[in-house]
Structures are given as C-alpha cells and as structure tokens.
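> Predicted model, plus sequence, below.
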Amino acid sequence: MSRIFEITEKVLQYAPKADVELINRAYVFAAQAHKDQRRSSGELYITHPLAVAYILASLRLDVHTIVTALLHDTVEDTHITLDDIQDRFGDEVARLVDGVTKIGQIQFHSFEHKQAENFRKMILATAKDLRVLLVKLADRLHNMRTLGFMREEKRKYISEETMQLYAPLAHRLGIHWIKQEMEDLAFSHLESEAYQFVVSQMKEKLDLLHETRSRLEGVLQEALDRQGIKAKVYGRMKHLYSIHDKMQRKHVDFSEIYDLIAFRIIVEDTPICYHTLGMIHSLYRPVPGRFKDYIALPKPNGYQSLHTSVIGPENHRIEMQIRTESMHSYAEDGVAAHWLYKDGSIKDDDRKHFQWLKQLTELLQETDNPGEFMESARLDLFVQEVYVFSRDGDIYALPRGARPLDFAYAVHTDVGHHCMGVRINGEIADFQARIRNGDQIEVLTSPDQTPSRQWIRYVKTPKARQAIRQWFRRQERDASIRIGEKILQDSFGDGELLIKDFDALECANMDELKEKLGRGEIPLESLLKVVDQDSTKPLFLKGLSHSLMRAADCCHPIPDDPVLGYFESGKGMIIHHRDCKLIPKVANNQWIGVNWKSEKGQLYPTGIEVKNYNRRGMLAHISSAISNAHANIEDLKIEQRIGAMSRLKILVEVEDRKHLAAVLRHIKVLEGVVRVSRRNQAGLGHKISNRGIGAAIKGMVSFGKRNLFKAQTVKDKKNE
C-alpha cells in the first residue's frame with residue numbers, strides 16, 4: 001500500500017519545487033470524504049486514490065495531476081461536488097476531476113449505452129487535456145491489480161473492456177509498461193487456463209532463460225565495446241499475453257516460440273543507432289523480413305527504435321531493439337516522458353502523434369448510435385499499422401488490411417467521397433486491393449463521383465466507414481424532406497398547416513414534419529386526421545424521383561410494374577408490386593399510388609426462375625446469356641432435382657420491364673432450358689455472395705469459367 005509521504009518524496013525527486021502542500025491537503029480532503037467507504041478487498045477506500053497517485057508519480061507527472069488522482073472518485077462516490085473541488089483546489093483540478101468522473105443521474109437505454117456515453121465523455125475531455133486519460137489509465141491499472149476480489153462476471157467484463165479499450169489507449173499514448181501489465185492481468189481473468197499454461201511453461205524455462213539472457217548480454221556488450229560503441233545492453237522476458245497472442249496468431253506450440261527474450265541496446269545518438277545495427281548484422285546473420293526502421297518512420301504514437309532479429313550465438317534467435325536514451329524513455333512512458341503538456345495541451349511538433357485522438361473525437365461527435373461508436377472506437381484503437389505514401393511523398397499510417405478508399409478518406413473526407421479510382425505504385429488498382437507497407441498511392445477524383453453503398457464492404461477504417469454512413473444519412477434526410485414535401489403538396493395543394501398542427505404531430509417546424517413524413521415516422525392517417533381530411537381516401541403521388549423510393553426485397557418490383565408505395569418507419573417510401581403478398585395485410589388507406597419510372601443508368605434487382613436439364617456447362621451458358629443481355633447476377637440459388645432437371649432462382653439487375661423481357665428471351669433460346677419466368681416474390685433462400693458465386697457453381701455444376709467470369713466482371717465494374 002502506497003503512503004502519502006512516499007508519493008510526495010517521489011514527486012520532489014523529479015520536481016524539487018513542487019507544491020507538496022497542495023498534495024497533502026488533497027489527501028486529507030479525500031481521506032475524510034471516503035472515510036466510511038471500503039473496497040471489495042476490505043481495505044479502506046483511500047488506498048485506491050493513493051495507489052493511483054503513486055502510479056502517476058512514477059510517470060513523473062505534475063502536481064495538479066497527482067492532486068486529481070487523490071480526488072478523482074470524490075465527486076462520483078461521495079457527497080463532494082465539483083463546486084467543492086473548485087473552491088478548495090482551483091479550476092484546473094476541478095476540470096480534470098470532472099473529466100474522469102462518470103456520467104451520473106441520467107437514464108440510459110441500456111448498459112452498453114451508458115458505457116458508450118462514459119467513454120465519449122472521457123475522450124472529449126482528453127481531447128482538451130491529455131492528463132484526463134493518464135489519470136483514467138492509472139485508475140484502471142490499479143483496479144485491474146485488485147480485480148480478484150470481485151465476482152467472476154464483473155471480473156470478466158472489466159477485463160474485456162480493459163483489453164479492448166484501455167490497453168490500446170495506453171499503447172496509443174506510448175506507455176508500454178502500462179499496456180503490457182493491463183494485458184497480462186486481463187489475460188489472467190479472461191483465459192485463466194491458457195494463462196496458467198503459459199505461466200507454468202515459463203517457470204520450467206526460467207532458470208535457463210535467465211542464464212541465456214545474462215550470457216548474451218555479456219556477449220553483445222563485449223562485441224559493442226570492441227567496436228568502440230558506447231552502449232548499454234540488457235535483456236527482458238516477453239510478457240505473458242504477447243507469448244499467448246503469438247501462439248494463437250502463428251498457430252504454434254509454446255515449444256516453437258524461440259524469441260522469449262528481447263534485447264535492448266541503448267546508445268548515445270541516432271547515427272550510432274544505425275552504426276550499431278550494421279555492426280550487429282556483420283556479426284550475426286539477420287532473419288529476412290524482420291528489420292523495421294521506426295526511427296525514420298515513427299509509429300503513430302511517436303515510438304522510435306530500430307528492430308531486427310538475428311541468429312546469434314549458439315543459434316539462438318535474438319530480437320533486438322536499438323534506440324537512444326530519449327527514445328527508450330518515450331518507449332516506456334510515452335507522452336509522460338516528453339512532458340508534452342504543461343497545461344495539458346499538445347505541442348505543435350507532437351500533434352501528428354495524436355491524430356488518432358482527433359479522429360476518435362470527430363467520430364464520437366458524428367455518431368449518435370452508441371453501439372456503432374464503441375465498435376468503431378475498438379477498431380480504431382486496436383490496430384497494427386502499415387505505412388504508405390501519397391503521390392507527393394506524405395506518409396500515412398493505416399491499419400493492416402486497409403484498402404484504397406481508406407487512404408482516400410484519410411487524406412480528406414471530400415477526396416474519399418469523390419474517389420473514382422486509385423493507382424498503387426503507378427498501376428491502376430481496384431477498391432478491394434489490400435494496401436501494403438511502402439505503397440505509393442494516387443487517388444483519382446471526379447466531381448461527379450459520389451459514394452456507393454458497396455463501399456462500406458471495402459473500407460476497414462472507422463473514419464472511412466463513418467464518413468460514408470454520414471453521407472448517406474444526409475442524402476436520406478434530404479430525400480425524406482422532398483418526399484414529405486411532395487406528400488403535403490399532393491394532399492393539401494397550397495394550403496398551409498397551422499402551428500397547432502405541428503404540435504399535434506410532435507414536430508417543431510415544417511422541415512421536421514416533412515422529414516418525419518418522408519421517413520414514415522408519421523402515418524398518413526395521423527396527418528390527415530390532424531388537418532380534418534378524409535383518411536380513407538388513398539393518396540396518389542406523381543413525378544416522384546426513384547432516388548426517393550426503395551424497392552421492396554419481398555417482391556422485387558422494377559419500373560413500369562404496377563406498384564404501390566408504403567411507408568416503413570425510419571426507412572421512408574418502400575415500393576411493392578401490386579401482386580405482393582404483403583398488400584392484403586396492410587390497411588388500404590396506408591398504401592400510396594405512385595408513378596414509378598426508370599432512370600437512366602439505374603439497375604433494379606428482380607427475380608427470375610429457370611428450369612433446365614442437367615447438362616455439362618449449363619449454368620455457364622445461362623450466366624453468359626444474362627451477361628450478353630447487359631444484365632448482372634446479384635444472387636442465385638440452385639435446386640438440384642431428382643432426375644435430369646434443375647431449377648435456378650436468380651436475382652438479376654435490369655433497367656425496366658422491357659430489359660427484363662430481353663433477358664428472358666436470351667435465356668429461353670438456350671438448348672436445355674425448359675422454362676424461364678419472372679419470380680417477383682421473396683424466396684431465393686440462402687444467399688451466395690458475389691465473391692462466392694463462382695465457387696458455389698463450380699461445386700454443383702460443371703461449367704466454363706470464362707463465361708461466368710465475364711458476367712462477374714460486369715458486376716464488379718458497376719460496383720466500382
């Protein structure tokens with residue numbers, strides 16, 4: 001247990017002029033506030049704030065941060081208010097305490113919603129002052145150290161949250177030792193059997209590992225001394241979770257992990273880092289593909305070091321990190337090592353290392369869905385990076401697995417929205433290409449290009465995904481307003497609604513009324529009743545753009561079909577075929593007559609059914625016929641019949657009824673086709689994705705690959 005004098009002595013070691021009297025006053029105040037409280041372990045509650053303050057003193061943080069650590073739970077867990085903190089300890093401490101205090105006195109829809117809002121509050125406060133997150137990390141670290149006193153369900157939840165959010169946040173701040181300890185502690189609670197297995201395996205090898213480490217430290221130190229390189233060499237054991245993670249990623253046993261020890265070589269300056277690397281490689285054979293230069297290309301959190309692996313003495317595989325003293329200090333303590341803040345603000349030179357914080361802040365400000373935000377936050381935090389170059393030579397760090405559209409949106413949201421293609425290393429590439437370390441990427445844009453819904457499939461970064469979703473939400477809002485405007489015009493002509501009508505429909509103004517009407521959130525029946533109109537008379541809308549309507553998945557109507565419109569809450573106008581099975585199930589006055597015409601360049605999905613003989617290459621001929629009719633295959637299902645017959649249910653994309661008729665004719669003339677007809681009711685059954693169509697066909701029917709690929713190419717071009 002840490003004691004207050006140990007904390008003040010530690011602070012005075014790195015800040016001799018520190019106001020320790022303020023720290024002592026904060027301790028007395030916190031001890032009094034928590035005097036009747038105990039932790040799950042039975043200890044006095046004040047032991048927790050003391051431990052948090054000691055962790056932050058170990059990071060050599062300023063007095064106000066230490067004071068905040070001592071007071072951080074008073075507002076949340078006692079009768080103390082923020083005004084009390086402000087009166088006694090000033091505005092700065094009050095602001096920091098508020099940043100780490102969870103949201104209270106609010107009714108949340110669910111536990112997940114509450115978790116998301118607390119995380120949102122913390123990140124917004126962190127964007128203004130990094131010390132908020134440092135206090136929160138120290139708080140979480142001590143809670144993890146004492147987690148064993150809680151019930152299992154809570155231990156697992158807190159450990160999962162730590163692994164998914166707080167350890168990655170420590171990594172993003174560059175505080176390596178906190179990240180590692182959090183991961184090991186969370187690992188011990190989440191996968192206790194696997195944890196105990198790694199512990200037992202390490203114990204068996206511990207004596208040998210210590211002996212090997214000591215011997216190799218001496219060998220390497222002697223080699224450096226002979227070359228006249230002033231350096232310090234020391235080895236360390238890999239932490240337990242990293243060993244387990246490597247076993248899982250590489251699908252290997254513990255006995256196959258050869259780099260259980262890593263060595264650090266600390267030198268005086270950057271040129272000597274490279275000199276040392278050359279000397280090491282001249283002495284020992286480097287392992288191909290294992291060299292990384294994080295000095296020339298620092299990690300996004302500012303980490304710098306040279307990494308290499310060599311086959312060392314006695315054929316030991318040795319992992320080495322070569323860095324300067326200041327690089328090493330930053331690698332261990334991250335932002336705390338460089339004192340990036342005096343008032344919590346970030347220096348301009350270091351701002352590039354905190355781009356992730358800016359993006360995360362923008363992300364949480366743009367989304368109202370707590371589940372969506374938390375998912376994006378986890379994806380954004382828990383990544384390994386690749387480094388790519390723009391055409392002008394600027395460096396961008398993206399997560400592994402990122403695609404070209406992720407790069408386009410990383411450059412700028414508008415560049416992403418108008419991206420019509422990319423060149424990777426001078427070659428045209430499609431949107432599904434995977435970006436690799438060192439790629440040079442050029443984005444081709446057009447003012448006429450806008451996002452496609454298919455893009456969500458291709459992007460991997462939360463920023464790109466959120467930008468695309470936001471674009472469609474804006475489009476849908478505008479479309480909903482136009483639909484609502486059309487409904488009002490066709491219903492009331494030039495008549496005006498009164499303010500009392502808005503109130504009755506729970507709308508603040510005309511725009512909100514139009515949007516809710518267009519989204520189907522206000523039933524037409526309710527609108528007509530409010531303004532004393534006949535609610536039994538069906539409404540007919542003319543001249544409504546296709547972009548304001550969506551074809552129903554249950555009956556797959558296409559332009560020129562006899563159709564009716566129906567508002568689904570939150571989705572807007574959904575178009576159904578008049579023969580749809582849903583029609584009789586909905587009250588007559590809820591259906592709207594619409595005049596639905598095709599728009600140039602638009603394709604619409606609809607179903608067809610083909611009955612054919614089981615002949616070699618039959619499916620390839622059918623797919624080729626569809627392609628020759630300038631239509632696309634969206635989905636298909638194959639029903640193998642007993643005997644010589646098969647039935648194909650195909651979802652094709654066509655322009656209108658005339659185009660569909662041409663597709664049917666192209667298929668009907670094929671030898672072996674018995675019957676082809678429209679199937680405009682749901683029932684394709686199990687969906688086969690575009691990527692999986694070829695494999696599915698190959699497994700069921702022998703066919704010619706070339707023709708099917710042609711059909712797929714048409715589809716792919718449309719998607720791009």
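Sure, I can see it.
> which residues does Ile257 contact?
Ile257 makes contact with Ile243, Lys246, Met247, according to CB atoms under 8 Å, 6 or more residues apart in numbering. From N, CA and C alone the C-beta is placed, and that goes for glycine too.
> try 10 Å
By CB atoms under 10 Å, 6 or more residues apart in numbering, the residues touching Ile257 are Val198, Gln201, Lys238, Ser242, Ile243, His244, Lys246, Met247, Lys250, Arg317.
> Ok, Ala186 next?
Contacts of Ala186 by CB under 10 Å, 6+ apart are 144, 147, 155-156, 158-164, 166-167, 195, 241.
> Quick check, pLDDT for it.
At Ala186, the pLDDT value in this model is 95.
> how much space between Gly90 and His556?
Gly90 is 66 Å from His556, where distance means CB to CB, to the nearest Å.
> So in terms of bridging, what pairs with Thr308?
According to DSSP bridges, the partner residues bridging Thr308 are Met320.
> how many other residues sit next to it?
Using other CB atoms under 10 Å, Thr308 has 19 neighbouring residues.
> now do Leu185
Leu185: 26 neighbours (other CB under 10 Å).
> Leaving out the residues flanking it, which one is nearest to it?
Met144 (4.3 Å; CB to CB, 6 or more residues apart in numbering).
> Specify the local secondary structure of Cys554.
coil (DSSP: H, G, I helix; E, B strand; the rest coil).
> quick one, phi/psi of it?
Cys554 adopts backbone torsions of phi -80, psi -30, taken as degrees, to the nearest 10.
> Just the pLDDT at it, thanks.
pLDDT, Cys554: 86.
> What of Glu153?
90.
> name the element it belongs to?
helix 152-161 (DSSP states H and E).
> Who are the packing partners of that helix?
Helix 152-161 is packed against helix 111-128, helix 131-145, helix 176-190, helix 192-226, with contacts defined by 3 or more CB pairs under 10 Å, 6 or more residues apart in numbering; DSSP states H and E.
> I'd like the ones you listed written out as a markdown table, with distance to Leu96 added.
Shown next, in a markdown table, are the helices and strands packed on helix 152-161 (distance: least, CB to CB, whole Å):
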| stretch | distance to Leu96 |
| --- | --- |
| helix 111-128 | 8 |
| helix 131-145 | 6 |
| helix 176-190 | 18 |
| helix 192-226 | 35 |
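> what's the closest of those helices to Glu43?
Counting by CB to CB, Glu43 lies closest to helix 131-145 out of these; the figure is 11.6 Å.
> so where do the strands sit in the stretch 251-400 of the chain?
If DSSP state E, counting those that start in this stretch is used as the criterion, the strands of the stretch 251-400 of the chain fall at 261-267, 285-286, 292-293, 306-311, 317-324, 385-390, 395-399.
> which of the contacts of Ala186 count as buried?
Buried members of those, counted by 16 or more other CB atoms under 10 Å: 144, 147, 155-156, 158-159, 161-163, 166-167, 195, 241.
> which residue packs closest to Ala223, ignoring adjacent ones?
Leu283 (5.9 Å).
> which one of the helices and strands packed on helix 152-161 is the most hemmed in?
Most buried of the helices and strands packed on helix 152-161, by mean neighbour count (mean count of other CB atoms under 10 Å): helix 131-145, with a mean of 23.
> what's that one packed up against?
Judged by 3+ CB pairs under 10 Å, 6+ apart, the packing partners of helix 131-145 are helix 47-58, helix 63-71, helix 91-100, helix 111-128, helix 152-161, helix 167-172, helix 176-190, helix 335-338.
> Mind listing residues that contact the fifth one?
Applying CB under 10 Å, 6+ apart, the set of residues contacting helix 152-161 from outside is 40, 111, 115, 119, 140, 143-144, 147-150, 166-167, 182-183, 185-192, 374, 378.
> one more time with 8 Å
Gln115, Asn143, Met144, Leu147, Gly148, Met150, Leu185, Ala186, His189, Leu190.
> Understood, closing this out.
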